[in-house]
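[1] When you get a sec, could you give me coordinates for this:
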Amino acid sequence: MPTQTTRNTLARLWELLKCLPKSGSGKSAQQLSQDLQERGFSVSKRQVERDLHDLSASFSVYCNRAGTPYGLRWASGAQTELAGMDVADLLRLIAESPLSTDQVMEQDTLQATVQDSWELRWWILSQGAGIKVLEPMASREEIAQSLRDACKRYDTPVKAESR
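    Prediction:
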């Protein structure tokens, strides 16, 4: 049976990408490992190195070899807005790195048992109209209410002087 780390591979990789600095000399694999541990992921420096090697095939990760330890960051000019991933890429990524051992994907529906967190709700909301929570009902209602509240902000006309 996979470990908790294996079941949360996608969440860990997503967090790792969010930990990468956008500029400067970068962070060492050890620093990134510590960042992930602070976010609840038990991961070694070596695992971070393997993850970054794999991620560099799809994302613009730069390795600064000017000193040791090497610094890792986003490449100059890289697109770092992760929420912009399209649904096809997202589904492929989820299929390759299951969210849980009970994950089932059928057509455009994903069913998985995941831990509820603010990060999960933030990610769901970042997908906008591209995703719909079916269960649990309490989470579905919370997401729906957040989206209704956001829509209300756009229902009021913008005053000319506030433009």
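
[2] which residues sit against the helix ranked longest in the chain?
    Assignment by DSSP state H gives helix 137-155 as the longest helix of the chain. Helix 137-155 has contacts (Cβ atoms under 8 Å, 6 or more residues apart in numbering) with 116, 121, 124-125, 133-134. No exception for glycine: its C-beta is placed from N, CA and C like everyone else's.

[3] need the helices for this structure, in chain order.
    4-7, 9-19, 29-38, 45-55, 87-96, 118-126, 137-155.

[4] now for the ones you listed, which one comes closest to Val104?
    helix 87-96 (10.9 Å; Cβ to Cβ).

[5] Including mean pLDDT, mean neighbour count and distance to Val61, could the helices of the chain go into CSV?
    As requested, these are exported to CSV (pLDDT from 0 to 100; neighbours: other Cβ atoms under 10 Å; distance: least, Cβ to Cβ, whole Å):
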stretch, mean pLDDT, mean neighbour count, distance to Val61
helix 4-7, 43, 15, 21
helix 9-19, 82, 19, 8
helix 29-38, 92, 18, 11
helix 45-55, 90, 16, 6
helix 87-96, 66, 12, 16
helix 118-126, 80, 14, 20
helix 137-155, 89, 11, 31
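
[6] Of all these, which one comes closest to Gly77?
    helix 9-19 (16.2 Å).

[7] Would you mind writing the CA trace of the closest one as PDB?
    Taking Å, rounded to 0.1, in the frame of the first residue of the first chain, the C-alpha atoms of helix 9-19 are listed here in PDB:
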ATOM      1  CA  THR A   9       2.500  13.200  -4.800                       C
ATOM      2  CA  LEU A  10       0.600  15.800  -6.800                       C
ATOM      3  CA  ALA A  11       0.000  18.100  -3.800                       C
ATOM      4  CA  ARG A  12       3.700  17.800  -2.900                       C
ATOM      5  CA  LEU A  13       4.800  18.600  -6.400                       C
ATOM      6  CA  TRP A  14       2.500  21.600  -6.600                       C
ATOM      7  CA  GLU A  15       3.800  22.900  -3.300                       C
ATOM      8  CA  LEU A  16       7.400  22.400  -4.400                       C
ATOM      9  CA  LEU A  17       6.700  24.500  -7.500                       C
ATOM     10  CA  LYS A  18       5.200  27.200  -5.300                       C
ATOM     11  CA  CYS A  19       8.300  27.200  -3.100                       C
END
